[in-house]
Each structure stands twice: as C-alpha cells, then as structure tokens.
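J.: When you get a sec, could you give me coordinates for this:
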Amino acid sequence: MCNVLLISWTIFWHATWHKGHSLAQTVFSCIYLLKIERTSAHVLLHSYCRIIRATCNAVISTVSDARTHEEEDLFTMAYGLPLKGEGDDKCLSILNSVEETISRQLRACKALNYKKKVLEDIDPLQANPDLEDGYCRALLCRIRFRKHFYHVLMCMRKSQGRGLELARKHIALCLSELSSIAKSQEFLRSNVCVSHQDDVEEGTTASGCQPVGFDASLNSRYSAPTPPRAIQILSWKRAIEYFEKLLHDLDIICSFSLEPMLEDVLHFVVQFQESQPDLVARAHLQLLLVQDGKLYGRDFFYDVISKAIALPSFARDPEFQKNEFVVQLIQLVVNLLKILCTNAAWQRRKLGKILQDWSLFSIQLELALKREFGDMLKALVDENVCLKVSKHLLTWAEEQTYWIAARFLMLGFKLELYSPNEYCMVYWYLYIILMRLLDKMQVRLSNRGDSRKKGKKKRDVSKDLTRDMIVSSPSCLLLKCYLSLSEGLAMMLAALHNESKVFEMPNVFNNEQERFIQHFELLQKAHVPDQISYFLFKESTKHALIPIIIKHNYFREAQRVSTSLKGSFSSDPQRMQELRQIEQVAEHNKIALNVINKVGTRDPSLIVSFEFTHHPVFAVAVVKRS
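T.: Numbers count the residues shown, from 1 in each chain. As a prediction, the model looks like this:
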C-alpha cells in the first residue's frame, strides 16, 4: 500500500524541481531514491525509482548541454546524489514488465471469480479486494506517464530532429495519462486517510495525505552544500498543470517545420517565448536549433545566412567562408539563437550586451570588408560585385542589430521595467529603432529582388514593381503597424504631458534625463542608432498636442494596415492573434484620443492611465472622470 501511495506522490516533487528548487530538496528528498538498491526486493517500487532517476539524469544532461542553467544554477547541481546507476539504461524493460503484471491484475479484477484469483494467483497491491481495481488503474496511469515522458526526452535528443515525430506521439500519450491521473484523485481521496486530508486545491498529493518517505530537509542534514532554506512544494493540482504546459510546449517544438529560413526561426523562437516556457522546454529548443555548430544539426549557418541575404553563388566559395569576418558573423548568429532561448530577464540582459558586438561588427565590416576580401574576391569576380556583396552583408548585419535593439526595448515592457512617466521616451526610442529596422529590411528585400533579376533587361517599370512588392511585403507592413503604434503612443503621451503635465512625476533620486541615460545606456554605447540623445527626444516631442495627434491618424493607420494583412497571415493563428491585438490597441487609443479632445486636457476631473490589457508591449489609454 505504501508503495502505491509513494508512486502517486512523486509528480509534485518533480514539478517543484523543474520550477527551480534544488534536486536534493525535491525529488531526492525521497529515502528510497537515496538508497535505491534497498528496494530491489520490491519490483514495482524498484522499477519506478529507476525510471525517476533516469529521467532526472536525462533532464539535467539536456539543460547542462544547452548551457542555459546559468539562470537557475540550483537546477543542475547534484550535491553528490546517486544520479546514475548501473542498469538504469534497462529501466524501461523492467517497467514494461511491471506494467504488464499490473495490467493482468486489472483484468483479473474484472473477472467474476476475482476473489478466488487474488488468493491463488495474484499478489494484491493492498488488503481490500474491493479497492484493487481502483489502485491498479491509479498505478498504471502513473507508470505509463513516466514511461512515455522518458521516451519524449530520449526522442527529442536525437540528432537533426529525427525523433520529433515519434516524440509527439509519446507527448499525446503523456497527456492522456495525465488526464487519467487527475481522474484518480476522487478515488484516492475517498479511500485513503479520510480524517487527515489536505485541502483539495492546496494539497500536495492526490489522496490528500501527507507524503510518506519524503522529507525536504533530509539532505540538508548530510550534504553541506544543500541550501538550508525551506522550500514551497507545488500543490498536486499545480503539478499536473505544470506537466500539461511543459508537454504542450514540447509539442510546439516538435511540430516546428525544420526549414533553414533564419527569419522564420527567429519569429518562431520569439513567439514560443510568449507563453513563458519552462527551462526544460527552452533547453530542448536550443539543442534542436544549434547542434554541432549547425542549424538543426544539418544546415551550415553560413548557408542559412547566405539564403537570408540572397548572396550570389560565388560567395559560397570555401575560401570566402573561412574569412574571419564570416566566421565572426556566424558566431554572432549562433549566440543570438542561444540567448533567445533563455528566460525573459536573462535574455534582455544578454541582448543588451551583444548589441555592442553586432554594432562593432558592422563598423569593422564597413571599414575593412572590401580591403580584407578584395584580393580574394577579385580572383573570382570584378570589383563592383565585390562591393555589392559587402553591402549585402553590411545591410543584413545592421538589420539584425536593430532587430535585437527592438527586442531589447520590448522585453522591458513585458518585464515591467518602465514606469508610466517613462513610457513616452521608450515609445519614442522604439519608434526610431523600428524606423531604422524597416529601412534596412527594405534595402535587403530590394537587394534580393535585384539578384533575382540578374541577367534580365532592367526597365523602370520593373523597378517600380519591385519597389511596390517590397513596400507591400507582409513583414514590412507588420513592422509599419508597430511603427504607427509606437509613434502614436509617444506623441499621445507627450501631448498629455505638454497640455496638462500628466505623468510628470518628480523624482528626488534622478531626473528625466538621467532616467533616459539609464534605460538606453547599452543602446547608446553601441551607437544604435547613432546621434540619438535626450535633447533630440525633447525637441521631437515638445510641440505635440492632442488635435495634432488626431490629425495624423497614427492609430487609424495601424488599424488600416493590420486589416490589409489578414489575407497574408490567414494560415498563421499566432500572426492573426497579433493582428487582432493591434486592431484592439489602435481602436481603443483612437477612441480615447477623441474623448480627451472633447473633454479637454485642462479639465481637472479628467484621469488618463495606460494599461497593457490587449498587447504586452503597446499600451491602451483608459480615460475616466473623477
């Protein structure tokens, strides 16, 4: 009976470990896992302990290989615990045998002569024959969940994404077993420890009883490095929800199309991070993206970059790829992908630091690319083509630099790093960044269009068509939506400040200029963009007034463009949701502007606040009267 209850309690300890607490205070606070050899006489308990240990080892290996554990150092620290054991590689075969035994037991429970079979052929799980069926079902779903979860981890570690399709099948089975585990709660609570049950919502076990064989302070008495502080164990309900979300996140990773399109990869990682995935899921994503210095372990990053920039065929020459600038660019891209797989706070810090690397690379490339590549390329092509390749590389590097800067600023909103009286300067800076990003993106698309027309007779009409196609590109139009919202919000906030001193909050520690420097110091050091200062910000916003903002129709323009994009993104649910959010932000701010203009900013009863109810980055004005 204790073995049955012990197995039903391990899930919340495992989830608590995944959420950042130490292994010694969670999973390995179980006395049976510390002395696993002592359970060899009990096949059921022994096999389950082995699969738990093998699963922990697989998770730690994944997180360590991805090198994302800097954000949560406790996760991979083993404290000398017995993480590996001889024979753990055969844990699945032993567990399958136990599963088959319990399955036969369950079938026997349904037989008419069940009680006789229990006495003669079957070793029951507990003393009451009437409860055997329920206990068998509760055990089976937990054993099968552990088995399929281990399969998921193993399949996702296969090189070049070969195991992703099979992993999705095991994920579906895991979710099915989790549903069965949740359903077993009613049976366990009605038949175990009736007088000592915890609250259904806050209880840490399905039965409501206190866990037997676990003690969070167990290892702190023997292992000096183990943190002495007490930990908060996840409730049983939250543990189930955690694993459901983790499996959902892993399924999203497995369903990603492994195409070598860098723009799509970056978009996927950013969208994936919107759901705030767990460290384990993010580690698997990083290992999938970067394997042996290749994208998905199969596509050389130089080929991926060449495809993104549409470089001519001669640029694929091996000697060209060995140049230090090319090698440096590849390393920058690899580092960027790894950083994007970390949590939001860690990611923002790292993005701010690598901005200088990207900016410095662009400067060095602009000054030295032609000189460094000149002699080598002249043997392959003429000087004009050499200059064109240099410009393509430079434009793309600058585009990525502005993309990183925009991501850096947007993460600040999601992490709530800005106060309302700072929104104006942040949106203004974001508008400048997005404007430069759009410019570089259009140049890159123009370069790609020119390369496709190579060898054809150029006419003014074809140039106009190419320019129109670039302007109407879905990625460019979406960026224009962000531009309109950023500029509209910056001017709206500036107008409120100019007309009624809204959000003018004196600070005894620093003034507005000092806060400007603090927020944008990393961007300023990287000259992203160059010649941007606090004084330019004040000069750009000092004439903003509500009637002028209404006249420019920033929000109406964002609404119009987002509506026109629905046809282009009809097959992408995430993009469609983004467009709906943009429309809601634009509509609410447009209405708010009209109300403010009608009431008048001088009205002392007017109260304006900004909330992020429809979009995590772009705020919505809420107008009230006191």
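J.: Closest to the centroid, which residue in the protein?
T.: Nearest to the geometric centre of the chain sits residue 273, at 2.2 Å (Cα atoms, centre = their mean).
J.: Can you check what pLDDT the model gives it?
T.: Residue 273 carries a pLDDT score of 94 in this model.
J.: just residue 233 next, same as before
T.: At residue 233, pLDDT is 79.
J.: before we move on, what about residue 397?
T.: On the pLDDT scale, residue 397 is placed at 93.
J.: residues in contact with it?
T.: Going by Cβ atoms under 8 Å, 6 or more residues apart in numbering, residue 397 touches 329, 358, 361-362, 365. All C-beta spots, glycine's among them, are computed from the backbone N, C-alpha and C.
J.: and the least confident of these?
T.: Within the contacts of residue 397, pLDDT is lowest for residue 365, at 82.
J.: Skipping adjacent residues, who's closest to that one in space?
T.: residue 394 (5.3 Å; Cβ to Cβ, 6 or more residues apart in numbering).
J.: Low-confidence ranges, the protein, go.
T.: Counting by pLDDT under 70, the chain shows low-confidence ranges at 1-9, 68-74, 110-129, 189, 191-213, 215-230, 314, 368-387, 448-472, 502-508.
J.: The same query, at a cut-off of 50, please.
T.: 1, 71, 112-113, 118-120, 194-196, 224, 455-459, 461-462, 465-466, 469 (pLDDT under 50).
J.: in stretch 144-159, what's buried?
T.: Of the residues in stretch 144-159, 144-157 count as buried by neighbour count, 16 or more other Cβ atoms under 10 Å.
J.: what about residue 516, how many neighbours?
T.: A count of neighbours around residue 516, defined by other Cβ atoms under 10 Å, yields 22.
J.: thought it was touching residue 424?
T.: No. With contact defined as Cβ atoms under 8 Å, residue 516 does not count as touching residue 424 (10.4 Å).
J.: In the stretch 251-400 of the chain, mark out all the helices, start to finish.
T.: Counting by DSSP state H, counting those that start in this stretch, the stretch 251-400 of the chain has these helices, from start to end: 262-273, 279-289, 301-309, 318-321, 324-340, 344-378, 383-414.
J.: First residue to last residue on stretch 23-35, what's the distance there?
T.: Terminal residues of stretch 23-35 are spaced 15 Å apart (Cα to Cα, to the nearest Å).
J.: Break down the protein into its strands, ranges please.
T.: 290-291, 294-295, 299-300, 606-611, 620-625 (DSSP state E).
J.: Those strands: which one's closest to residue 430?
T.: Across these, the minimum distance to residue 430, taken as Cβ to Cβ, is reached by strand 606-611, at 14.6 Å.
J.: what's the spacing between residue 175 and residue 152?
T.: Distance of residue 175 to residue 152, given as Cβ to Cβ, to the nearest Å: 11 Å.
J.: where do the contact lists of those two overlap?
T.: residue 247.
J.: From the chain's centroid, how far away is stretch 92-101?
T.: From the chain centre to the centre of stretch 92-101 is a distance of 36 Å (Cα atoms, centre = their mean, to the nearest Å).
J.: Give me the residues contacting that stretch.
T.: 43-44, 46-48, 50-51, 140, 143-144, 146-147, 150-151.
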